[in-house]
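Trainee: Any chance you can model this:
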Amino acid sequence: MLYFRAFVKKEDNPSMLDSLPSLLRALKIGDKDPCGDNVFHQSIPIELLEIHQRYKSYRKITLNGGHGATAKYYLIYIELIGLYHRFSRSIRMGDYRLYIHFLPEILKIFFAFIHQNYARWGVRFHDNMLRMEDTYPGITENFERGIISI
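Mentor: Numbers count the residues shown, from 1 in each chain. Down below sits the predicted model:
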């Protein structure tokens with residue numbers, strides 16, 4: 001939240017912070033139209049999309065060191081903690097699709113910190129998870145029911 005406040009301060013637009021609650025209330029989360037399509041993406045106000053684009057560019061500048069080494073360090077740290085939380089959630093919820101999605105992101109960290117065995121065998125494990133339906137037909141249904149365990 002402090003980082004977002006720094007972004008708002010840099011934008012020199014204090015009313016942006018005041019207008020966010022009304023923009024977020026305009027979102028239609030979980031609503032479906034008669035065709036069964038999710039209307040969430042159509043309900044996003046243009047102003048909110050513009051704020052998001054400016055915030056993404058602000059984050060990119062920070063990750064490149066434009067706001068100092070300390071800000072870069074803490075932003076990377078926060079992103080790594082967030083990645084761990086999402087990966088851990090996939091395991092706790094038994095959501096193997098989410099698990100397969102985040103596993104390569106975790107493996108990148110193993111490569112970056114030169115954990116060769118975890119990186120090497122993690123890639124092999126990920127490949128096996130992607131091809132498990134070919135190897136064991138019908139096992140995907142069991143994973144969708146939540147039998148994943150690590």
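Trainee: Off-centre distance for stretch 133-150?
Mentor: From the chain centre to the centre of stretch 133-150 is a distance of 24 Å (CA atoms, centre = their mean, to the nearest Å).
Trainee: List the contacts of it.
Mentor: Identification of contacts with stretch 133-150 by CB atoms under 8 Å, 6 or more residues apart in numbering yields Ile91, Met93, Gly94, Asp95, Tyr96, Arg97, Tyr99, Asn128, Met132. No exception for glycine: its C-beta is placed from N, CA and C like everyone else's.
Trainee: Out of those, give me the two with the largest separation.
Mentor: Spanning the widest gap among the contacts of stretch 133-150 are Met93 and Asn128, at 21.2 Å by CB to CB.
Trainee: Would you map the helices across this protein?
Mentor: When assigned using DSSP state H, the helices of the chain occupy the ranges 2-11, 15-25, 46-63, 69-93, 96-112, 116-130, 132-135, 139-144.
Trainee: Could you tell me the least trusted of those?
Mentor: When those are compared on mean pLDDT, helix 15-25 scores lowest, with a mean of 76.
Trainee: Let me know how buried the closest residue to Tyr55 other than its chain neighbours is, in neighbour terms.
Mentor: Spatially, and ignoring its direct neighbours in sequence, Tyr55 is nearest to Phe7 (5.7 Å; CB to CB, 6 or more residues apart in numbering). If you count neighbours by other CB atoms under 10 Å, Phe7 ends up with 19.
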